[in-house]
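**Student:** structure for this input, please:
(one chain, ligands or ions: 1)
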Amino acid sequence: MGADGEPLCGKVYLVGAGPGDPELLTLRAFRVLGLADAVLYDHLVNSEIVGLARRGAQRIYVGKERSNHTLPQHEINHLLIKLARRGHQVVRLKGGDPFIFGRGGEEIETLALCGVPFEIVPGITAASGVAAYAGIPLTHRDCAHACVFVTGHLKDGSVDLDWQALARPLQTIVVYMGLLSLPKLCQELITHGLPQTTPAAVIQQGTTAAQRVVTGTLVTLPAKVARARLKPPALIIIGEVVRLHARLAWFNVSIDRFDTALAAPA
Ligand code: SAH
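**Tutor:** Next up is the predicted model:
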């Protein structure tokens, strides 16, 4: 109880954990993890990051793998409220940024309705973190004046996007949750006017030691990705900027590649 007899309420911190590499955590995220009484996290969050929580903090896995929701959303919301009302400092850790395809808005709305204090700590979203580690600038003065983020998540087995708006020149398209719909995405973009030769890439587990990058064109990429057996989490980047990967790749690049480049005659 507080001095005025009111029950003490804790606070919920909705924290973006970034795309994978723990070094990409914000200073604010690092600090609130250090004071947490409880941490709720899902499968996209690196275990090293969960390990940064205060010693003795309760760690609760709430799942959220595709079609395998360990705890339904309303139960997660309920748990956050229950813990905060016990006076706990609760950290809700989400992959990337909580407000980008992270349902952060829904969780916070319930807290706001119930009068539970909260704070939102932004994180580096997969698009910017993964693109940076893949050496693919999302905009470029010569070839990309705009960048759009969309979800390729299948609803009832189909992807429902504004293809006309996506198939514009001088635009980079970043697709979250799009691995399963890659063939359909490429096909629709060609049908709606993007050149077949438009470069595109799929990056699996970007920013981590397991990062893999497969590049191709709208025509060749689906088969290349299937052959490479890429798995989620994976991000698709489509647009002329993908060509820069060949020159700008820096992370997880094998020494061989540099040796070959150095050995090549000028
Ligand atoms: N809120 C998160 C996105 C959650 S949706 C963010 O801001 O990044 C989950 C999707 O994000 C995955 O299906 C994948 O498309 C993408 N993603 C997240 N982390 C990734 C990573 N390390 N490498 C590639 N894609 C990633």
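
**Student:** burial of the residue in the chain positioned nearest to the ligand, as a residue count?
**Tutor:** Nearest residue of the chain to the ligand, counting by Cβ to the nearest ligand atom: residue 96, 1.9 Å away. In this view, the C-beta of every residue, glycine as well, is placed from N, C-alpha and C. Residue neighbour count, defined by other Cβ atoms under 10 Å, stands at 28 for residue 96.

**Student:** show me the contacts for it.
**Tutor:** Neighbouring residues of residue 96 by Cβ atoms under 8 Å, 6 or more residues apart in numbering: 16-19, 44, 102, 123-126, 129.

**Student:** now for the residues you listed, which pair is the farthest apart?
**Tutor:** 102 and 129 (13.8 Å; Cβ to Cβ).

**Student:** can you give me the buried ones in the longest helix belonging to the chain?
**Tutor:** In the chain, with assignment by DSSP state H, the single longest helix is helix 73-85. Applying a neighbour-count criterion of 16 or more other Cβ atoms under 10 Å, one finds 76-77, 79-81, 83-84 buried in helix 73-85.

**Student:** about what we covered before: so what pairs up with the residue of the chain closest to the ligand in the strands?
**Tutor:** residue 18 (DSSP bridges).

**Student:** check what pLDDT it gets.
**Tutor:** pLDDT recorded at residue 96 is 97.

**Student:** just to revisit the earlier point, return the subset of the contacts of residue 96 lying in strands.
**Tutor:** Residues of these located in strands (DSSP state E): residue 16.

**Student:** pull out the buried members of the contacts of residue 96.
**Tutor:** By 16+ other Cβ under 10 Å, these give 16-19, 44, 102, 123-126, 129 as buried.

**Student:** is residue 107 in contact with residue 99, as I believe?
**Tutor:** No - if you go by Cβ atoms under 8 Å, residue 107 and residue 99 don't touch, sitting 10.6 Å apart.
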